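S.K.: Sequence and predicted structure below; questions after.
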Amino acid sequence: MTANRYFSSDPHQRELAARLYAQAATLPLLCPHGHVDPRAFADPDYTFGTPVDLFIIPDHYVFRMLYSQGIPLERLGIPRRDGEPVESDHRKIWQTFADHFHLFRGTPTGIWIGDELRDIFGITEKLTWASAQRIYDQIVERLGTPAFRPRAFYDRFRIETLCTTDAATDPLTHHINIRASGWHGKIRPTFRPDAVVNLDTPNWREHIDALSQVSGIEVHDYRSFIRALENRRAFFKQLGAMATDHAAVTAYTSELSEPEAEPIFQRAFRGEITPDEAARFTGHLLMEMARMSIEDGLVMQLHPGSFRNHNDTLFQHFGADKGADIPLQGEFTRNLRPLLTKYGNDTRLTLILFTLDETTHGRELAPLAGHYPALKLGPPWWFFDSLNGMARYLDQVIETAGLYNTVGFNDDTRAFCSIPARHDLWRRASANWLAGLVTREIIDLDDAVETMYAMAYGLAKSAYKLDNA
Amino acid sequence: MTANRYFSSDPHQRELAARLYAQAATLPLLCPHGHVDPRAFADPDYTFGTPVDLFIIPDHYVFRMLYSQGIPLERLGIPRRDGEPVESDHRKIWQTFADHFHLFRGTPTGIWIGDELRDIFGITEKLTWASAQRIYDQIVERLGTPAFRPRAFYDRFRIETLCTTDAATDPLTHHINIRASGWHGKIRPTFRPDAVVNLDTPNWREHIDALSQVSGIEVHDYRSFIRALENRRAFFKQLGAMATDHAAVTAYTSELSEPEAEPIFQRAFRGEITPDEAARFTGHLLMEMARMSIEDGLVMQLHPGSFRNHNDTLFQHFGADKGADIPLQGEFTRNLRPLLTKYGNDTRLTLILFTLDETTHGRELAPLAGHYPALKLGPPWWFFDSLNGMARYLDQVIETAGLYNTVGFNDDTRAFCSIPARHDLWRRASANWLAGLVTREIIDLDDAVETMYAMAYGLAKSAYKLDNA
Amino acid sequence: MTANRYFSSDPHQRELAARLYAQAATLPLLCPHGHVDPRAFADPDYTFGTPVDLFIIPDHYVFRMLYSQGIPLERLGIPRRDGEPVESDHRKIWQTFADHFHLFRGTPTGIWIGDELRDIFGITEKLTWASAQRIYDQIVERLGTPAFRPRAFYDRFRIETLCTTDAATDPLTHHINIRASGWHGKIRPTFRPDAVVNLDTPNWREHIDALSQVSGIEVHDYRSFIRALENRRAFFKQLGAMATDHAAVTAYTSELSEPEAEPIFQRAFRGEITPDEAARFTGHLLMEMARMSIEDGLVMQLHPGSFRNHNDTLFQHFGADKGADIPLQGEFTRNLRPLLTKYGNDTRLTLILFTLDETTHGRELAPLAGHYPALKLGPPWWFFDSLNGMARYLDQVIETAGLYNTVGFNDDTRAFCSIPARHDLWRRASANWLAGLVTREIIDLDDAVETMYAMAYGLAKSAYKLDNA
């Protein structure tokens, strides 16, 4: 009944899309970039909690939409920083969610949740105010069985590798425990040093102290800071890391000499850093990260352009990651030039770029990726990880960059159960796009079949060096 | 023959679109934002004049296109500021228009005029150089009958509410007269204080004097200025206003303390204001307007980003609103943050945003509206009030913001007779978009039916609080 | 088999597109803007060399894609500035190209090359690693025959006029020789003074010396500089030039008085120019070029927004035009205002604008072109000269600007053999777009037929004044 969902309504394109999709539907999932908590795999008996613990409380895509329509976060069970009580009756929260499920019509969240309820939990009813409690019961029942635990899902979802995202200062205890447990799943850390690299991070000194502690290198100046970072990268690599990940407000890069970097670092150390100095230092550190990636082989990922915690009032009450990170206009051509001129011609480097400003896809990123050997483009990110977002991305990027300068799909999620739905959406969008190329005779069917495999699996495998791992 | 116009050529989507459209086609029209002259309803015997008075002289969409192809505005009967004679033979102007009607192929103006001639005036012939005078005769004949007067059209168009746009200093005489006349039509004013709020408005002091006069409050300092604005809002509300409307070059907002605002106001009073001070004051006043909206319940509308009167030469000869307002790149994430942090979480505020920079739709506006309770997105505005503009808007906004953070349709026109055509276009575009979601199984038909009603009627009704009015 | 390629897969739209296309397919080609080397026509016996000389070495679209995937330019036979040896075995280079031809899937380069091999060289096999040498043989054989020389192609391609692009200092020897040869082909020069007008051009003084020499006017101050430019324009016009062409980093325009311009020119003369002064001077010269165009009737073309030679490392080794020119964000509303306010209302001026920032199409360029009589929009440029680029252009521009403020197609290529494929792509994209308007009843078939002719031929003919030539 929904076998051909999301494909074009044109019968010819639809039929071709279905054929292409069929070849990719059961390929293993590569998850080289995401935010699933490794704790879920460290403990074989880990459970997901209630349906609200699974679908609502950890998913800011869900509760920010409800909040935007005037539902206080307290009513959705989102914990307050001040410890004031919030709604704890999860059946009531689920009812509120179901009462407002129409808000998600036509959104990717609506698609993912629909897919998860149907394909993972076997729910055949539509979620409405009337069916809410029946569906809640069904989910609770399933979640109580061993087949509905993270390690079981890992196999059921056919995940081949799942990368988490971890602070530079993270001791990676869960990763160590997973490895020690002898379980066959491949959970890999990703090195994300934002908190120590961005000198204006709140409580930066505490992060530096933590860095000293985990690295065993007393970080007191620029040189020891760099050594500590190199030390941590090596440690992450030992535990299976394939990549690093970097956020920044802009893509600004520019090299500082050590005599320039040292005093900035010292001012940060004394708590006297200015925003401009912090930005210059971040721009320099991105260059350093590229250098280290050339040396240690870790793939470098950069996703600039999010204004974090835009809603200061909400941030005061509920903290970070509450659906209030808002994109900014982006610029890559001038900002990345220092890094690309120095390292962009080096085939040992793989730099994967993400953007929240779609206008940069066709104008800057595709031309850059279609030229520099080191550069690849990540899939449509965050708000654009959607049917329309994917369609626009493929339309705007591939003609200039070519498909082989892209890296397939990233699910980039903390909602573990949404991973199959997200990959399925990408595979369907890819199949439909390729079918459109074939029906219009832009490529032939043989090429489409080969390309389908690349989009669903092959590109991610090679870009993240998982074929050598 | 044209029953299914503007729908996809795919038969399945087309048939579904037709079914969805059929349910919305005859719903009443809500016109919560527009520029129709209230004078047209104050006098029951008001007539539209000649076909040129109706279709050409007041419609800068029409004459700017002719002008762009080298036809002097004088030849189109557009009055000059210096009083020099312009073409007064309306049959001749109509012929020039018809001779060049091919210029409007594929444009919304071409669609609207075609619809108006066919559906309002019963013209079955195509407008060409050859048919021009016959069609002119037919329109003249119709315009001579009582059924072709504004009040008759109000009923024939099934308008439920029509909001005009009025300066803060407008005495609203026509609105008072309409109410006094006992006519059943609902014509409401909208409070637009740009001329007094933007301190660099030409002849600002005269506008302030007018404000003193209509409010009965002698405006001589910042505090009396604010009181006069509050006074006028109350007066507009009494006469049925549901909303305020604000234009600005940018969406910049930032609060000033009274000790900061007062000297800026005083410098404006002495004619010594700088552009930067004026911009800061406007940014502060937008915050004040949000505060007042929370207090008095008027919906706040903001549409930044138009460079007015770009063609200075033309402005010297013909004045404002001659089709030479050109969009600028927009920015909302940083600019609106002060306002949103302070008032964006308050569910008493409804702030409706419009943009002329479509790149902000997906990047900034949809994420903001999908988070802040106070924020809603207006429909595609001005140049984008078109089939493609609507399709792009729906594709770029809904996945992130959700449909329920949008406000349905605004016709935003001074061309009263184009109102049904404009709503019809929106309803057709909406039906076609929803049909596309259904054929691709993104939503089901039941949801599409409910959503169709919301897009055509329900969202505008609730966003502008017309259900409480 | 590929007769309906690139058309919509919807049968109704496809059939209509095929009908519209059929009427345009055999119209002559107008090539008013391009970079073909006039040398190819000066010598009747000019040959294209090997398949690699024809398809790879001169085409940075091709080799930049291979380079982006890690293939050194040396392996592709691209000459180094230092004269170090590069691959000279053209069969080997061709094999490398064929081995990687999958990189071009879905790109316009892939489409053009496929079309050229099939339609010009009669190759029926698909280019793969296996067929590479057989196809090489076939091309070599064809290139050895008189029918595969530039003048023969000019006729075979049905070219009516082909404009080259030539430096202000170019003596136009080849153009003179072509004229003298009595050949019937119409090869016209285009006046491109960037190297003398942009004061920060490397070796600017040498260009100025060359300008003095070719013009016979000793350029030593601003006034003699302007006279020399006027002199060269007159010379170009004598040799058939219809247009000028201008690149700039931005579209900034602003008039300088002679007392302002003179000292800037003098500082450039002494090698003391600052980037800011150079930008101001370019902005002034664009105004001067508009003035001269009004006087001498040459059409003015402006295409800002490319960051040239972004990859400095590559530039050091291989020089300019190696696929490393990357677009920048654009701005026209404020930048062009001085020029448009002064000259934009003058119907003697035709100013054709191109952009690499598609966001300016709907936001700035279409509203400007839909108002100013002097302004027209060029076709989608460079990276956007593609099926999707054309579709987006038509969707974003025409509703606001109208089709008659655009100028049809430019092939803008140095790859002479790709010209028919490029025009064919535009004609197919136009036919498909028009068919979509007809199937959705936005325009009728009669109008579509007339418009098809305009898009394929008529608009370029009149915009570049080729009907008077």
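M.R.: Looks like it arrived, so ask away.

S.K.: separation between A:Cys163 and C:Val62?
M.R.: Between A:Cys163 and C:Val62 the computed distance is 35 Å (Cβ to Cβ, to the nearest Å). C-beta: built from backbone N, CA, C; applies to glycine.

S.K.: Same check on A:Phe55?
M.R.: 50 Å.

S.K.: Could you do A:Gln138 as well?
M.R.: Counting by Cβ to Cβ - A:Gln138 and C:Val62 are separated by 57 Å.

S.K.: Give me the neighbour count for the residue nearest to A:Gly319 when sequence neighbours are not counted.
M.R.: Spatial nearest neighbour of A:Gly319, chain neighbours left out: A:Arg81 (5.4 Å); criterion: Cβ to Cβ, 6 or more residues apart in numbering or on different chains. Using other Cβ atoms under 10 Å in any protein chain shown, A:Arg81 has 10 other residues around it.

S.K.: Quickly find the element holding A:His303.
M.R.: Secondary-structure assignment from DSSP states H and E places A:His303 in strand A:299-304.

S.K.: brain fart, A:Arg205
M.R.: Using DSSP H and E, the element containing A:Arg205 is helix A:204-215.

S.K.: Just list what that helix packs against, helices and strands only.
M.R.: Where contact means 3 or more Cβ pairs under 8 Å, 6 or more residues apart in numbering or on different chains; DSSP states H and E, helix A:204-215 is packed against helix A:194-197, helix A:222-238, helix A:258-269.

S.K.: Could I get the buried residue list for it?
M.R.: Along helix A:204-215, these residues count as buried under the neighbour rule (16 or more other Cβ atoms under 10 Å in any protein chain shown): A:204, A:207-208, A:210-212, A:214-215.

S.K.: out of those residues, who's nearest A:Gly305?
M.R.: Checking the buried residues of helix A:204-215 against A:Gly305 with Cβ to Cβ, the nearest one is A:Trp204 at 21.6 Å.

S.K.: The closest one - nearest residue in space that isn't next to it in sequence?
M.R.: Per Cβ to Cβ, 6+ apart, closest to A:Trp204 is A:Ala268, 6.4 Å.

S.K.: Please apply the same query to A:Pro28.
M.R.: Nearest to A:Pro28 is A:Glu160, by Cβ to Cβ, 6+ apart, at 3.9 Å.

S.K.: Keeping just the C-alphas, turn stretch A:166-175 into PDB.
M.R.: In PDB, the C-alpha atoms belonging to stretch A:166-175 read as follows (Å, rounded to 0.1, in the frame of the first residue of the first chain):
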ATOM      1  CA  ASP A 166      32.100  12.900  21.400                       C
ATOM      2  CA  ALA A 167      33.800  15.800  23.100                       C
ATOM      3  CA  ALA A 168      37.600  16.000  22.900                       C
ATOM      4  CA  THR A 169      37.500  15.600  26.700                       C
ATOM      5  CA  ASP A 170      35.300  12.500  26.700                       C
ATOM      6  CA  PRO A 171      37.000   9.500  28.300                       C
ATOM      7  CA  LEU A 172      35.000   7.300  25.900                       C
ATOM      8  CA  THR A 173      34.200   4.900  28.700                       C
ATOM      9  CA  HIS A 174      31.100   3.600  26.900                       C
ATOM     10  CA  HIS A 175      33.100   2.900  23.800                       C
END
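
S.K.: That one: how far from the chain's middle?
M.R.: Distance, stretch centre to chain centre, for stretch A:166-175: 17 Å (Cα atoms, centre = their mean, to the nearest Å).

S.K.: And stretch A:88-102, by the same measure?
M.R.: 27 Å.

S.K.: Tell me the secondary structure at A:Lys376.
M.R.: Secondary structure, DSSP: H, G, I helix; E, B strand; the rest coil: A:Lys376 is strand.

S.K.: Look at it and say how many residues are nearby.
M.R.: By other Cβ under 10 Å, the burial measure for A:Lys376, its neighbour count, is 25.

S.K.: who's it bridged to?
M.R.: Here A:Lys376 sits in beta bridges with A:Ile352, going by DSSP bridges.

S.K.: returning to that earlier point: mind checking how far the residue nearest to A:Pro28 is from C:Tyr252?
M.R.: 52 Å.

S.K.: okay, those two: which has more neighbours?
M.R.: A count of neighbours by other Cβ under 10 Å puts C:Tyr252 above the other of A:Glu160 and C:Tyr252, at 20 against 17.

S.K.: per-residue confidence for that one?
M.R.: pLDDT recorded at C:Tyr252 is 98.

S.K.: again, but for A:Met1
M.R.: On the pLDDT scale, A:Met1 gets 52.

S.K.: and the gap between whichever residue of the stretch 151-300 of chain A sits closest to chain B and chain C?
M.R.: The nearest approach of the stretch 151-300 of chain A to chain B comes at A:Val249, 10.7 Å away (Cβ to the nearest Cβ). A:Val249 is 17 Å from chain C, where distance means Cβ to the nearest Cβ, to the nearest Å.

S.K.: Could you do A:Pro420 as well?
M.R.: 27 Å.

S.K.: The residue nearest to that residue when sequence neighbours are not counted: neighbouring residues, count only.
M.R.: Residue nearest to A:Pro420 in three dimensions, not counting chain neighbours: A:Phe157, with 4.9 Å by Cβ to Cβ, 6+ apart. If you count neighbours by other Cβ under 10 Å, A:Phe157 ends up with 19.

S.K.: how about A:Phe157, what does it touch?
M.R.: A:29, A:419-420 (Cβ atoms under 8 Å, 6 or more residues apart in numbering or on different chains).

S.K.: Just the ones of the residues you listed in helices?
M.R.: A:419-420 (DSSP state H).

S.K.: What's the PyMOL syntax to select whichever of the contacts of A:Phe157 are buried?
M.R.: In PyMOL, this line selects whichever of the contacts of A:Phe157 come out buried by 16+ other Cβ under 10 Å:
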select buried, chain A and resi 29+419+420
